[in-house]
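> Only the shape, not the letters, is given here:
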């Protein structure tokens, strides 16, 4: 990078004298009521190669260099790799963090860290951020508080908070005639008949109803209630009816899992869902990283992310919606024998928008080759603390874990520049 | 270091009969050096009465004793300590040596433990892999070398030799300067004085001899009298130079369940509510546990009357008696019938089987039914599937075909009642092409790049119940396993080699002529070494896995038979005696050690005949207790005082839904008529995945948490509704008989009067088929159906 653009970077990047909010600020904020903010989390399972996307290093050593060109963005002095052209045009709406760092090189541990804000432990199952939001705020209406698109909850689940805070799996909205599984009454069963069935169920159930000494039966009963409300809800049907969106907008988001997932996420936020994870796996490019990214992965992300922030902003929803794009870690600057990049948690990038965050800025920097963080390192714990802080969740709150040990909600400190 | 056998032997000590009178621990005190102290505990039976006692030394110039019972050295010699209280008298001998010597404080023995005790070296603080705020300690002090460099190295600010009081290592934890971790100990405390004196003495590192070899705790087990009762713990460390000393004030304590028992920083425990838990005691990478039981306030009366069917009931009821818990009565025939079918073969009784059993007056009908079920093919298929899942078969390139070979091998083995140790031996020695049976050739083919370390992890976890994974990267934080133990064990699999022919069915594993495992730290090849045992030198002309198999399956192996007995027990009783079933640790003791030993001894003594063990379990009264709680056992989740309810496994649900509706499920890639329990690989059904069938990417217990997606699928999903749509009433049956059939085949009982009345009324008003469909829906959605009870 030449001297001039380096300076421009610093201009863009110099936001606050200190990295973290002081404890005083945090304490002051914790007295305030919770904020009515929704979250859309774009989860790139595996990891986004930072130096092939948000953190290009055109001047690095040849053995690390990306095959991609560098392009300007809407923000003066900020550059991306060429396969994020649409996101580049929306760069004034979000912050790019180029100094994410942690120490977990395995998928499992890194996912746990980024999804829960806690280290993976053999005994304690920490809840994912969405589950904490679900527990802290509850659902806004008959729709679930926490939805995952397409689904899966292995490390994005409720952990020790209990099953009622698990995400609701919406399935893949990019399939033809998408509908949420099991959300309609079966053929030939109307509501009168369903009510008859339900009363018969209560009669049969009374036999061993009192035998449960935990709260499992109670939660099952509450699931039946919520499930029936959901099946009955016109609001839910409407929210999941992605076909009601104009074809042009659907194309703008991209006819991909992530594209339609982001569009569905916007509809769900409108309908009252608090936290939505849109996942896309296989960002694990140990082989052929460049063709994979150029032909499939980056264009899919680019379209979906750019359309989402533009759409949210156009509808006046961005101020009340936090959008986060993150993977598990970055990828090794050094290109391996198979033309791929391996796991690299030492430095990576992510993008974050909305909820009052002033866009068009960069925080932190990696070094010349994208190997290590040079300025203002940000740990996953701090990122998660920031999300809680934005939502007005008490960071010091402790929950009793499955092994009876109290666990603090967040270990990190909120980032002042957000 | 104590061997595992010794430790297990200690755990089985049950203080069933306590001598009257009082006793002092330790009975012989030895104080070496000016700093030595000894915490005393006086027991009357199991009660700690130290605070109520008076202590007197026959020769008070030798030692001093506080009224709380802490002894300190004064001058060399021997004397007697007499203890008096209203329960009686007792005495202890006291020997003091080298009382005038104030030895140099040891970094390893005296300083490092402070960081664990004060919480500094916990995993969420400086013991974290990242350290904290630029300062990293080894987790719970297991690497004192590294800790020494962390403290004395760097920019030198942590130790201030010129002005020791200004050392950061003292200023931070006492909060004289900003410290994210707050106050850990006070200025002037014992911790403070120890570190200060060590720095004043030049902050030296110890020479050899100060390595800790074992940690023990007194008492190892106690029944506390009830809420509010207290007991002092005494921790003793043994060192490599042969000395030992009281380290009660130098260890970290943690209660495994702080709702039941709380423990203070100096080792005083307090009972909070009825229940049981272990208290972990930890220092310098060593950990031990003491178990505490707090019985219900009211003694229970029914033990003498509860019949014992076999040794299982003796162990279970003896423990319940100590805890003042009444077991539930024997389960009624209908509950037992449904339960034993589901647990033994994963299916429900047919209408004829159910009606026949309920009607029979044969007093031996339960044990006859057990024998009949254990002889059925479905019994073998159930266990074959469980182990196929444990082996994570079918996850990688050997895929479905490889999984089928393993599944069919296991099914055949269980059908032929092949002894368990023979099965394990054959698996360990397996080699050949993955896709060609009949031997279980794809056993080692768990993942594409599986290596000796992976095999060591999997095999120790599955067959020995030991989670060695931590020791792969560092010494195990809650166990004695070191990295050397781990790689020594991995050494047995060094020559397990792959034959890979790209996209060719001939891929396989074979036993190579050479190969070695490299230690990640020393980078040197590691010789195969048994866990807790000797080195087994590798011999090129031999398959050393044969030696491993012999060691593993020997009746003397303390892990092998207990691990499988515990797995089998969990399958039928819902909770392992050690839970999780593959997490045997000194700090995770069994809830009923005597029972676990008895089960393990029964199994190995009978030539590892699994059917025999299962028959004993199913015939026990414990297994046959009702699932209905009473007032005294409502809170019991550990001691089998009633049958613990549990949801059916996904496979059981699908198979029984098919049974009840008479409409089979189709699984892609499997022939028609295949039951879910025969689907050995993959999850070719939404319902199987939604209800917890595992993708087999890790050795994990299944998740049985209910969730809303499951509920939606039961309410309106196509699994049930496709079957209801195809269901037709039997035209040969009248309404009553049709009703009886539906109830008997699903719930193994006849309809109760309220159910019968409601349904007969419905049948008068509505279409017959619709009423029965609605009934089927209600039954299949009921807890009585979905749960085993």
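Structure received. Note that the structure is a prediction, hence the values are computed from the model and not measured. Residues are numbered from 1 along each chain as shown, chains lettered A, B, ... in the order given.

> When you work out contacts or count neighbours from here on, use the C-alpha atoms and nothing else.
Fine.

> for residue B:145, helix, strand, or coil?
For residue B:145, the assignment made with DSSP: H, G, I helix; E, B strand; the rest coil gives helix.

> From residue A:111, how far off is it?
32 Å (CA to CA, to the nearest Å).

> give me the number of residues near residue 416?
Defaulting to chain A. Per other CA atoms under 10 Å in any protein chain shown, the neighbour tally for residue A:416 reads 16.

> Let me rephrase: I mean chain B.
Count around residue B:416 with other CA under 10 Å applied: 11.

> okay, residue B:145 and residue A:111: which has more neighbours?
residue A:111 (27 against 14).

> contacting residues for the more buried one?
A:45, A:155, A:327-328 (CA atoms under 8 Å, 6 or more residues apart in numbering or on different chains).

> Point out the least confident one among those.
Least confident of the contacts of residue A:111 in the model: residue A:155, at 85.

> quick one: secondary structure of that residue?
With three-state DSSP as the basis, residue A:155 sits in coil.

> Find the nearest non-adjacent residue to it, please.
Using CA to CA, 6 or more residues apart in numbering or on different chains and skipping the chain neighbours, the partner closest in space to residue A:155 is residue A:112 (5.7 Å).

> what helix or strand is that neighbour on?
Using DSSP states H and E, residue A:112 maps to helix A:107-116.

> just the contacts of residue A:111 now: which is nearest chain B?
Using CA to the nearest CA, residue A:155 comes nearest to chain B of the contacts of residue A:111, at 12.6 Å.

> related to what we said a few turns ago, residues near the residue nearest to residue A:155, how many?
Applying other CA under 10 Å, we find 23 residues neighbouring residue A:112.

> Same check on the one 3 residues further on?
Using other CA under 10 Å, the number of residues around residue A:115 comes to 26.

> how about it, what does it touch?
Taking CA under 8 Å, 6+ apart, one finds A:128-129, A:155-156 in contact with residue A:115.

> and the residues you listed, which two are the farthest apart?
Among the contacts of residue A:115, the pair separated by the greatest distance (CA to CA) is A:129 and A:155, at 10.4 Å.

> Settle it for me: which of these two has more neighbours?
A direct count of neighbours by other CA under 10 Å for residue A:129 and residue A:155 places residue A:129 higher, at 26 against 20.

> all strands of the stretch 301-450 of chain B, in order?
B:432-433 (DSSP state E, counting those that start in this stretch).

> ok now do the residue of it found nearest chain A, which residues does it touch?
Nearest residue of the stretch 301-450 of chain B to chain A, counting by CA to the nearest CA: residue B:335, 10.7 Å away. Shown in contact with residue B:335 (CA under 8 Å, 6+ apart): B:626, B:748, B:789.

> any idea how far the residue in chain B positioned nearest to chain A lies from residue B:715?
When scored by CA to the nearest CA, chain B has residue B:778 as its residue closest to chain A, at 4.4 Å. Distance from residue B:778 to residue B:715, counting by CA to CA: 9 Å.

> can I see the domain layout of chain B?
Chain B breaks down into these domains under automatic domain parsing: B:1-104, B:107-200, B:299-324+B:554-606, B:379-553, B:648-788.

> how about the ones you listed in CSV, adding mean pLDDT and distance to residue A:235?
Formatted as CSV, those follow (pLDDT from 0 to 100; distance: least, CA to CA, whole Å):
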stretch, mean pLDDT, distance to residue A:235
domain B:1-104, 83, 59
domain B:107-200, 84, 44
domain B:299-324+B:554-606, 92, 41
domain B:379-553, 86, 40
domain B:648-788, 92, 17
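
> how about these, which one is nearest residue A:276?
domain B:648-788 (16.0 Å).

> Near chain B, which residues of the stretch 251-400 of chain A? Just list them.
Within the stretch 251-400 of chain A, not a single residue sits near chain B (CA under 8 Å from any CA of the partner chain).

> what residue ranges in the stretch 251-400 of chain A score low on pLDDT?
Confidence mapping of the stretch 251-400 of chain A against pLDDT under 70 gives zero matching residues.

> Measure how far the helix of greatest length in chain B is from the centre of its chain, please.
Counting by DSSP state H, the longest helix found in chain B is helix B:399-415. Remark: helix B:399-415 is offset 28 Å from the chain centroid, using CA atoms, centre = their mean, to the nearest Å.

> Report all helices and strands that that helix contacts.
Under the contact criterion of 3 or more CA pairs under 8 Å, 6 or more residues apart in numbering or on different chains; DSSP states H and E, helix B:399-415 touches helix B:377-390.

> any residues touching the helix it packs on, and which ones?
Under the contact criterion CA under 8 Å, 6+ apart, helix B:377-390 has outside partners B:344-346, B:373, B:403, B:406-408, B:410-412, B:414-415, B:462, B:677-680, B:694, B:696, B:699-700.

> For PyMOL, write the selection for the buried entries among those.
Buried residues within the contacts of helix B:377-390, by 16 or more other CA atoms under 10 Å in any protein chain shown, are selected in PyMOL with:
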select buried, chain B and resi 344+345+346+373+403+406+407+408+410+411+412+414+415+462+677+678+679+680+694+696+699
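
> Would you check how far apart the closest residue to residue B:271 other than its chain neighbours and residue B:275 are?
Nearest-residue entry for residue B:271: residue B:261, 4.7 Å, with adjacent residues in sequence omitted and distances by CA to CA, 6+ apart. Counting by CA to CA, the gap from residue B:261 to residue B:275 is 9 Å.

> of these two, who's got more company?
It is residue B:261, of residue B:261 and residue B:275, that has more neighbours when counted by other CA under 10 Å, with 28 against 21.

> Thought residue B:652 was touching residue B:687, still the case?
No: taking contacts as CA atoms under 8 Å, residue B:687 lies outside contact range of residue B:652: 11.3 Å.

> Which parts of chain A are helices?
Assigned by DSSP H, chain A shows helices spanning A:3-13, A:23-30, A:85-89, A:107-116, A:129-137, A:191-205, A:216-232, A:234-240, A:247-253, A:257-271, A:289-292, A:298-314, A:380-391.

> now the fourth one: how far from the chain's centre is it?
Going by CA atoms, centre = their mean, the spacing between the C-alpha centre of helix A:107-116 and its chain's C-alpha centre is 12 Å.

> Give the buried residues for that helix.
A:107, A:109-116.

> OK, now which residue of the stretch 101-250 of chain A is nearest to chain B?
residue A:201 (4.4 Å).

> What's the per-residue pLDDT of that residue here?
pLDDT, residue A:201: 96.

> residues touching it, list them.
By CA under 8 Å, 6+ apart, the residues touching residue A:201 are B:778-779, B:781-782.

> Which single one of those is nearest to residue B:81?
Among the contacts of residue A:201, and counting by CA to CA, the member closest to residue B:81 is residue B:782, at 66.9 Å.

> since we're on the closest one, how many residues are nearby?
24.

> which ones are touching the nearest residue to it once chain neighbours are set aside?
Computed as CA to CA, 6+ apart, the closest residue to residue B:782 that is not its neighbour in sequence is residue A:205, at 5.5 Å. With contact set as CA under 8 Å, 6+ apart, residue A:205 has these partners: B:782-784.

> And for residue B:668?
residue B:684.

> So which bits of the stretch 1-150 of chain A are right by chain B?
So the stretch 1-150 of chain A meets chain B at residue A:103 (CA under 8 Å from any CA).

> Could you list the low-confidence segments of the stretch 1-150 of chain A?
Applying pLDDT under 70 to the stretch 1-150 of chain A flags residues A:1-34, A:121-124.
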